[in-house]
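In: Model the following, please.
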Amino acid sequence: MGVAVRNEGSKVNANINVTPMVDVMLVLLIIFMVITPMLQQKVAVDMAKADNPTAMPDADKEDAIIVAITRDGGVFLGQNRIAVSELGGRVRDKLADTPGKTIFVRADARAQFRAVEDAIDAVRTAGVEDVGLLVQRREPNGAIGGE
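Out: Now for the predicted structure:
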């Protein structure tokens, strides 16, 4: 009787094939690059800058109602462009279930004041008492002389 010796250990390949992993990572990268801009829920405006703005953490919440005014006078409720004449009614509809909520206004620094004033008037005629004006904190100038 002979003993059968199996030498299967010599067939084992200890190298890792990274090609499938790289393929999956590139596909995920492309998916995230395409989807990320779609997740942004803000209209692009260059907000005014202030030295000591009041913090308004409620503006970053998912259910915050934000009115944006662009440089050319366009008014947006969320991401949807809307006429100023319709703004009051739409805000009233959104506030039907949560009265007393603050409406936030993001205005472009170079927007005409008249457009901002008309938007705030439309919001106030909808019965909103609290209107928050959003601004950016002004960055301090670089310190000179190591101060």
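
In: Pull out the buried positions in stretch 36-49.
Out: Buried residues in stretch 36-49, defined by neighbour count with 16 or more other CB atoms under 10 Å: 43, 45, 47-48. Backbone N, C-alpha and C define where each C-beta goes, glycine included.

In: Now flag whichever of those is closest to A55.
Out: M47 (14.7 Å; CB to CB).

In: Contacts only, for the closest residue in space to the closest one that isn't next to it in sequence.
Out: Spatially, and ignoring its direct neighbours in sequence, M47 is nearest to Q136 (4.9 Å; CB to CB, 6 or more residues apart in numbering). Applying CB atoms under 8 Å, 6 or more residues apart in numbering, we find Q136 in contact with 47-50, 53.

In: mind listing which of those are in strands?
Out: Among the contacts of Q136, the ones falling in strands (DSSP state E) are 49-50.

In: between the contacts of Q136, which is nearest E86?
Out: Looking across these and measuring by CB to CB, the closest to E86 is M47, at 23.7 Å.

In: list the contacts for the closest one?
Out: Contacts for M47 (CB under 8 Å, 6+ apart) come out as 106-109, 134-136.

In: got the contact list for stretch 102-114?
Out: Here stretch 102-114 makes contact (CB under 8 Å, 6+ apart) with 42-43, 45-49, 56, 58-59, 64-71, 73, 91, 115-116, 119-120, 123, 128, 130-134.

In: Look up the closest residue to A59, ignoring the ones flanking it.
Out: Per CB to CB, 6+ apart, closest to A59 is F104, 4.6 Å.

In: Where does the one you found sit: helix, strand or coil?
Out: Secondary structure, DSSP: H, G, I helix; E, B strand; the rest coil: F104 is strand.

In: Distance-wise, check it relative to V12.
Out: Distance, F104 to V12, using CB to CB, to the nearest Å: 63 Å.
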